[in-house]
Structure formats: structure tokens, C-alpha cells
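1. Build me a model:
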Amino acid sequence: MLFAATTHTAKAGTSIIGTVLHPIFVLVGYVLAFFYGLIPNYAVAIALLTIAVMIVVFPLTRASARSMMRMQLLAPEMKKIQTRYKAKPGMPTAERQELRQKMNEEVMALLSRERSEPDRWLPADVPPVPDPDRPLRRGQGPLEDR
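-> Model prediction:
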């Protein structure tokens, strides 16, 4: 009964993550069964499955590593921009936000000039990652900034 999970239906109380990832689990099960059918040894089948997953994920890994290297090359310039727009102690909140916005604009100009946008490969409709330093308030979510 290796593939008994293929008839799985979401029940009340089932985790959302399990329901969403279920097709991936089934696919991995099929691929593992295929490799086990070729060589009836689970250790070899798991090794072949690992190699197959690494081959599938390699383009994303390569793009991520290249982007990280480009960002490391730009780090000194970005640090200069951050020190230029550093907020002084006791500065009003409105001025801090204005400085932060100018700094972000200059950093984005640098990244676009150097063609090193960290999320260049993402589709345009993916919302930005919220800033952990800035709490979300009503009307100030990441989608309202667009």
C-alpha cells in the first residue's frame, strides 16, 4: 500500500500545510517507487531521489548564489548609503521615516543601476516582504505602499 495516500481527502482538523503539500509528497513517493523499481534497494533509491531533487532545484540554487555574490560586492556601497542616512538620536518620527524612505530610494537606484535586484526573478505580483522593524498598522501594510 505504498500509494494509499493518493486517495487522501482533506478532513476537518487536517493541517493546511499537509493539504497544500500533499501533491508534492505523492510525487516524491512515485519517484521513490520508480527508483526502487529500477534497483530494489531503498538506500540506493533514496540516494537517486536525492540526486534527482538536487538536479531539479539546481537552477534556483545557482540564481540565489549569484544574487548573493552580487549583493556582497555591493555591500560596502550600501553601508555608505546607510551611514549617510542614519537617524540622529532624538529625531522626530516623521523625519526618521523621511530619511528611511530616501535611503530606500537610493539603495533601489543603486541596485537597479547595478542590475542586482535580489528579487528580480520573482513575478511582479508577489507582495514585498514586510519590514520586521516596522509594525504593521491599519492602512500601512506592504500592499498599501505601492
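2. longest single helix anywhere in the chain?
-> helix 42-84 (DSSP state H).
3. What is it packed up against?
-> If contacts are counted by 3 or more C-beta pairs under 8 Å, 6 or more residues apart in numbering; DSSP states H and E, helix 42-84 sits against helix 16-38, helix 93-114. Every C-beta, even on glycine, is put in place using the N, C-alpha and C of the backbone.
4. ok, of those helices, where does mean pLDDT dip lowest?
-> Among those, helix 93-114 has the lowest mean pLDDT, at a mean of 87.
5. helices or strands up against that helix?
-> Helix 93-114 packs on helix 42-84, going by 3+ C-beta pairs under 8 Å, 6+ apart.
6. tell me the angle the helix it packs on makes with helix 16-38.
-> 140 degrees (axes from the mean of the first three to the mean of the last three C-alpha atoms, to 10 degrees).
7. what about helix 42-84, average pLDDT?
-> The average pLDDT within helix 42-84 is 92.
8. please begin residue numbering at 33 from this point
-> Renumbered: residue one is now 33, and that last one reads helix 74-116.
9. relative to helix 125-146, how tilted is that helix?
-> Comparing the axes of helix 74-116 and helix 125-146 via the same axes, to 10 degrees yields an angle of 120 degrees.
10. wait, what's in contact with Leu142?
-> Leu106, Glu109, Met110, Ile113 (C-beta atoms under 8 Å, 6 or more residues apart in numbering).
11. Buried members of those residues into PyMOL, please.
-> Remark: buried members of the contacts of Leu142, expressed as a PyMOL selection using 16 or more other C-beta atoms under 10 Å:
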select buried, resi 106+113
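12. which two from the contacts of Leu142 end up farthest apart in space?
-> Farthest pair in these (C-beta to C-beta) is Leu106 and Ile113. Separation: 9.9 Å.
13. if we can go back for a sec, can you put the helices and strands packed on helix 74-116 in JSON lines and add distance to Val89?
-> Listed next are those as JSON lines, based on distance: least, C-beta to C-beta, whole Å:
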{"stretch": "helix 48-70", "distance to Val89": "12"}
{"stretch": "helix 125-146", "distance to Val89": "25"}
